[in-house]
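K.L.:
Predicted model and sequence below, questions to follow.
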Amino acid sequence: MMHKILTLIDQKILKFKEIKAHCDVPCGVYDPINAQVAAMTVARMTDTITELEAHDQKDHAGARDMDYHNKITRMIDEKERSAELVKHEVRIIWGDYFKAPQFEAHPGLHNLTHEIMMVASKCKQNVDTDATRLLMKKVNEFSEIFFSTKSIKTKTVKYHCKPNLDIITPDL
Amino acid sequence: MRPFLNEGDFVFGLKYFLTSPKIGDVVVFDHTLYGLCVKKVTNYDKALKTLNLTGENVTHSLSSEQIGVVKLKSVKCRVVCSFKV
């Protein structure tokens, strides 16, 4: 109640000075793009792992030589790192940016965040193309909600890097 | 400054008058780089009239080193109450 009265006074009568509590990232700088690029990378790495496996079977009779092991290890490592980055970036926005009014306006947000965590883990644990596409879809949904809380319209475009999946971007 | 303060909260403060900052006081100060900020006092050097400050949220706050030593004259007031969102 008191907060509502003070908000009214702040908006209509006096303009209270704004003070910052400051965090490592300057206050107010949040963007889901990092999560989206990481999700795109998870998809790409899963595709390249599958392609390498198919190539090895076809051209090297499944020899799995040192070159194969080197490549596959690096791709798996990048897939793992990127899936973890998706989880980290989404957690930061969910925990630090979204507040009660946004959760009230988007009641499915907690569930969506949890789904992203689970699908990202599934992408880590498996070589699953469908899971990577689902992850991208969920992260795009999350991004759309994020921008809607800022009253920013969004558009869907094909990402410029393979696998050229749809990505939600702000229509600025 | 979570969990003590969250974005959108209102704070009211009193200037230091005949009193000195104490460890644990939450103060509003004008930082040369970061502008008007709110942090907690971890140390007050009475002789030099300087303070060391830190945030409540250790994981995400600017460290004492990043904030640097703050002069007493930069302190606008001590937070006496807050009204939460």
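P.N.:
Received, thanks. These figures come from a predicted structure and were not determined experimentally.
K.L.:
alpha carbons only for contacts and neighbour counts from here, please
P.N.:
OK.
K.L.:
how many neighbours does A:P101 have?
P.N.:
10 (other Cα atoms under 10 Å in any protein chain shown).
K.L.:
same check, this time on A:L135
P.N.:
Count around A:L135 with other Cα under 10 Å applied: 28.
K.L.:
wait, doesn't it sit right on A:A120?
P.N.:
Yes: look at A:L135 against A:A120 with Cα atoms under 8 Å: they come within range, at 6.4 Å.
K.L.:
which residues touch A:K20?
P.N.:
A:27, B:35-38 (Cα atoms under 8 Å, 6 or more residues apart in numbering or on different chains).
K.L.:
hey, what's it bridged with?
P.N.:
B:C37 (DSSP bridges).
K.L.:
Report pLDDT for it.
P.N.:
Looking at A:K20, its pLDDT is 75.
K.L.:
how about the spatially most central residue of chain A, what does it touch?
P.N.:
In chain A, the centroid-proximal residue (Cα atoms, centre = their mean) is A:A35; its distance is 2.6 Å. Residues in contact with A:A35 (Cα under 8 Å, 6+ apart) are A:85-87, A:89-90, A:139.
K.L.:
at 6 Å what do you get?
P.N.:
Taking Cα atoms under 6 Å, 6 or more residues apart in numbering or on different chains, we find A:A35 in contact with A:86, A:89.
K.L.:
ok but B:P21 is inside a helix, no?
P.N.:
No: applying DSSP: H, G, I helix; E, B strand; the rest coil, one finds B:P21 to be coil, outside a helix.
K.L.:
ok, and the closest non-adjacent residue to it?
P.N.:
Excluding the flanking residues, the one nearest B:P21 by Cα to Cα, 6 or more residues apart in numbering or on different chains is B:Y44, at 6.6 Å.
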